[in-house]
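> Predicted model, plus sequence, below.
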Amino acid sequence: MKIYSPPSVDTLNTFHALPEMYLVLSPSFHILTASDLYLSSTYRSRMAIEGKYIFDIFPNNPDDSGFEAVEILRAALSEVVQTNSANAMPILRYDLEDLNTHQFVERYWSISHTPVFDADGQLSYIIQLVKEVTELVLESNLVKQQKVDQQKSLIEIEQLNGERELMDKKLTKTLNELRETNLYLEEKVKRRTDSLKLSEEKYRNLIEQSPVAMQVFRGEDMVFEVVNEAMLTFLGKEPDIIGKTLFQGVPEIVGQPIVDVLYNVYRTGVPFELMGEEVILERNGQKIVGFYDVIYRPVYELGKISGVLGIALDVTHQVSSQRSLAASEQRFRTMAEASDILISTNDAKGNLNYLNHAWVNLTGWKTKDLKDFDWSSFVHPNERAEVEEIFASALTAHSSFFNEFRILDKVGNYRWLRIKGNPIFDGSGNFDGFICSSLDVTEEKQYLLEIQSVNKALIEANESQFLINEKLQQANNKLKLSEENLQSAFNAGELGSCSLDLKTGIADMSGRYRSLYGLPVDGEITWEMVLESVEPDFIPEVNKVLENAVKFGSPVDSTYAIRHLISGERRWMRVVGKVNQDIHGVNESVYAVVMDVTPQKEDEQRKNDFIAMVSHELKTPVTSITGYLQVLQRLFKNTGDDFTGSVLDKMGRQLTKMTTMINGFLNVSRLESGKIHLDRQRFNFSELLADIEDEYKHIVSTHNIQFTSSEEIILIGDRDKIGHVVNNLISNAVKYSPIHSKILLSCTKANNTLTFSVKDEGEGIPQEDLPHLFDRYYRVQNVEARNIAGFGIGLYLSAEIIKSHSGEIWVESVRGEGSTFYVSLPLNS
């Protein structure tokens with residue numbers, strides 16, 4: 001069942017000043033409002049009748065049971081409701097109660113009803129147009145009575161034909177009475193004509209003096225009969241349009257939809273309302289687009305439609321404000337959806353009411369499910385009380401808040417979040433909720449834990465390295481403090497936003513975006529102006545990202561260095577954006593956000609420098625210990641002391657693991673600082689595999705490693721580093737697969753590409769871990785991997801080495817069936 005949709009307050013207020021007797025009724029016959037003329041004629045006040053049942057306000061005359069006016073009027077109204085069509089009633093006697101004497105006065109009325117429908121086609125209200133014809137009816141009745149009396153006189157004359165003198169006297173008397181009656185009627189007609197002229201003048205005055213834009217058209221040609229000052233201002237015209245047709249006075253309206261609506265009201269008599277209609281008018285020689293609430297009502301004369309009353313309310317400001325608000329919200333949603341940062345909003349009661357795509361990816365929550373949603377139940381129990389206390393305090397004080405805590409993701413794992421929330425206030429300064437930005441810092445937390453594990457391992461391995469470990473711990477503390485301070489300073493509102501037109505290269509930028517680059521505070525910004533701030537080494541990469549966005553609609557995600565156009569300061573920027581298409585599917589613009597990532601870049605460089613320094617410092621003592629160990633092994637080799645030999649062998653294996661770990665950290669540091677060197681040369685990949693096969697036959701006896709022989713394959717690249725990748729993949733297969741299981745190595749050549757694979761029979765890798773397997777310091781968190789040593793740098797380093805050779809590395813895995821790692825390299829690079 002559709003819900004009843006009442007007319008707006010503005011629509012009801014429009015009826016008050018109309019120059020006719022109007023009563024507006026709901027479909028249940030309750031009074032919504034009335035015109036001032038109606039109230040004056042019925043001796044009622046608007047306050048006394050609005051909201052009341054019409055027949056409670058205007059009951060039957062109890063002293064005259066012969067007239068059932070209420071039943072007749074109710075039947076006419078019911079017909080409108082049942083048929084959804086207008087009707088006009090015969091003249092109806094409907095006596096009104098004088099509220100002073102409480103006596104009913106004889107009154108006669110001409111009544112018509114017009115239904116008005118809402119946008120869904122449902123009856124919204126009924127317009128009752130009333131004209132009082134009491135005087136005309138009484139005069140008509142008097143004339144009828146005079147005619148009856150005249151007829152009686154003529155009959156009497158015929159009956160008294162023999163009495164001529166008496167007949168003449170009566171005839172003379174009758175003629176005199178007729179003359180008096182005619183004089184009386186002529187005077188009545190004159191008074192009625194004067195009354196109509198006065199009513200017409202009052203009608204015109206009401207329109208002309210009304211502050212609401214009003215006009216009256218007459219005839220099929222829509223001739224301007226009355227146009228008040230407010231309507232002239234609205235149309236941008238002079239009074240000389242009065243007497244002209246619509247198309248002569250307002251030629252620019254030709255072809256606009258509003259014209260068809262106007263003529264339809266004239267031809268059908270059905271009133272019409274348009275809310276927020278776009279209208280193009282000419283003012284001072286310029287075409288102006290505006291939005292208006294337009295109301296058209298038929299004007300009747302002698303029971304026929306003779307014209308149309310038009311009323312216009314300017315709502316351009318309201319419509320523009322609504323559209324600007326909707327566009328602003330859409331831009332925010334678009335930028336938020338394109339961001340990797342977790343962005344959310346809360347209402348004034350603290351309830352979540354929006355989550356961007358990054359939140360959905362992490363938690364599986366959806367905005368449509370947020371009603372009565374208890375987000376705090378997903379917080380780790382150890383932090384839940386503190387999180388609720390901080391949030392409640394900020395909600396009460398309408399202030400910003402900052403916190404770190406763990407929250408469940410969509411696969412049931414806890415992730416560390418760092419969240420910053422800022423209060424939102426509406427245009428009146430009232431608190432409207434929070435906008436929050438969050439970062440997933442789980443890897444950072446894991447990295448810190450792994451650094452602590454490295455420190456512990458170094459202390460247990462060699463107490464003599466205590467000083468170095470102490471320095472390492474201090475550096476870790478400083479690094480952690482630096483990161484915490486950096487994240488504390490990150491403000492959710494300090495993101496720059498930009499909308500770039502891909503066709504014109506013109507950018508619509510926020511003040512923050514302009515400030516970050518040193519661009520002008522005001523005026524037009526072009527893509528070339530942005531490139532002026534980008535350092536030359538990064539311009540090809542930045543242009544390539546934009547080129548991919550234009551050609552393929554690829555998402556924008558680029559980090560590069562700039563020189564501030566005013567201060568000359570070097571800063572690092574990260575831009576993340578999404579391409580939008582027009583209705584034809586053509587990439588037309590990019591909505592993007594920019595963030596200053598200079599502190600993160602500087603911290604990352606210091607971390608790499610520190611790891612490189614520590615790795616270098618560790619290599620010397622480890623090399624010395626290795627040398628001493630080899631001397632001890634030679635001394636005890638022929639002594640027969642099996643226990644000491646076994647201990648020395650175990651020490652050797654541990655030193656080998658430590659050396660591998662240190663070399664891995666050192667290579668990662670060199671790789672990320674751009675200092676790693678590739679010694680490219682031609683070599684036989686098949687010979688490299690043969691050498692590795694021979695080496696593993698001597699050092700690995702726990703697994704059945706099977707090499708598939710291949711033809712000679714010549715590669716151009718760094719033989720040692722590609723050998724490191726192969727060794728790493730075989731070593732991982734040995735570590736993560738059961739003893740005595742098979743490890744299959746395969747090498748093929750096709751389409752000028754070498755493809756090498758390592759397949760094991762281990763437990764396999766969970767699907768959710770596969771996309772992150774080659775990330776730096778990433779390790780699979782399951783029971784099988786938890787007891788195997790490692791820091792998550794081997795596969796990361798292997799992936800970077802393969803990428804530097806223009807190759808690809810990937811993995812395929814099924815739980816319970818094992819994993820297969822693939823490497824592909826071009827033969828002509």
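Nice, I can see it.
> what comes up buried for the biggest strand by length in the chain?
The longest strand of the chain (DSSP state E) is strand 286-301. Within strand 286-301, the residues that qualify as buried are 290-300, counting by 16 or more other Cβ atoms under 10 Å. For every residue, glycine as well, the C-beta is placed using N, CA and C.
> cool, and stretch 101-113?
By neighbour count with 16+ other Cβ under 10 Å, stretch 101-113 contains the buried residues 104, 107-113.
> Nearest to Tyr263 among those?
Of all the buried residues of stretch 101-113, Tyr263 sits closest to Ser112, with 20.6 Å by Cβ to Cβ.
> ok, now which ones touch the closest one?
Listed by Cβ atoms under 8 Å, 6 or more residues apart in numbering, the contact set of Ser112 reads 86-89, 128-129, 300.
> nearest to Lys721, of the residues you listed?
Ala86 (89.6 Å).
> Spatially nearest residue to the closest one, not counting backbone neighbours?
In this structure, Ala86 finds its nearest non-sequential neighbour in Thr114, 4.6 Å apart by Cβ to Cβ, 6 or more residues apart in numbering.
> Specify the beta-bridge partners of the one you found.
On the basis of DSSP bridges, Thr114 is bridged to Ile127.
> thinking again about what came up before, please narrow the buried residues of stretch 101-113 to those residing in strands.
Reading strands off these with DSSP E, I get 104, 108-113.
> Format these as JSON lines; extra columns: pLDDT and distance to Phe821.
Shown next, in JSON lines, are those (pLDDT from 0 to 100; distance: Cβ to Cβ, whole Å):
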{"residue": "Phe104", "pLDDT": "88", "distance to Phe821": "102"}
{"residue": "Tyr108", "pLDDT": "90", "distance to Phe821": "100"}
{"residue": "Trp109", "pLDDT": "90", "distance to Phe821": "94"}
{"residue": "Ser110", "pLDDT": "90", "distance to Phe821": "94"}
{"residue": "Ile111", "pLDDT": "92", "distance to Phe821": "90"}
{"residue": "Ser112", "pLDDT": "92", "distance to Phe821": "87"}
{"residue": "His113", "pLDDT": "92", "distance to Phe821": "83"}
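> now the residues you listed in JSON lines, with distance to Val780?
Converted to JSON lines, these look like this (distance: Cβ to Cβ, whole Å):
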{"residue": "Phe104", "distance to Val780": "94"}
{"residue": "Tyr108", "distance to Val780": "94"}
{"residue": "Trp109", "distance to Val780": "89"}
{"residue": "Ser110", "distance to Val780": "89"}
{"residue": "Ile111", "distance to Val780": "85"}
{"residue": "Ser112", "distance to Val780": "82"}
{"residue": "His113", "distance to Val780": "78"}
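> Do a quick rundown of the helices in the stretch 501-650 of the chain.
511-517, 527-531, 539-552, 598-636, 642-672 (DSSP state H, counting those that start in this stretch).
> which parts of the third one are buried?
By neighbour count, with 16+ other Cβ under 10 Å as the criterion, the buried positions of helix 539-552 are 542, 545-546, 549.
> can I see the domain layout of this structure?
9-132, 138-205, 210-314, 442-489+597-676, 496-593, 681-826 (automatic domain parsing).
> Could you tell me the least trusted of those?
The weakest mean pLDDT among the domains of the chain belongs to domain 138-205, with a mean of 61.
> what about stretch 94-102, how long is it end to end?
For stretch 94-102, the first-to-last residue distance is 15 Å (Cα to Cα, to the nearest Å).
> From Asn413, how far out is Ile435?
27 Å (Cβ to Cβ, to the nearest Å).
> again with Leu302
Counting by Cβ to Cβ, the gap between Leu302 and Asn413 amounts to 84 Å.
> of those two, who's got more company?
When neighbours are counted by other Cβ atoms under 10 Å, Leu302 and Asn413 differ, and Asn413 comes out ahead with 12 against 5.
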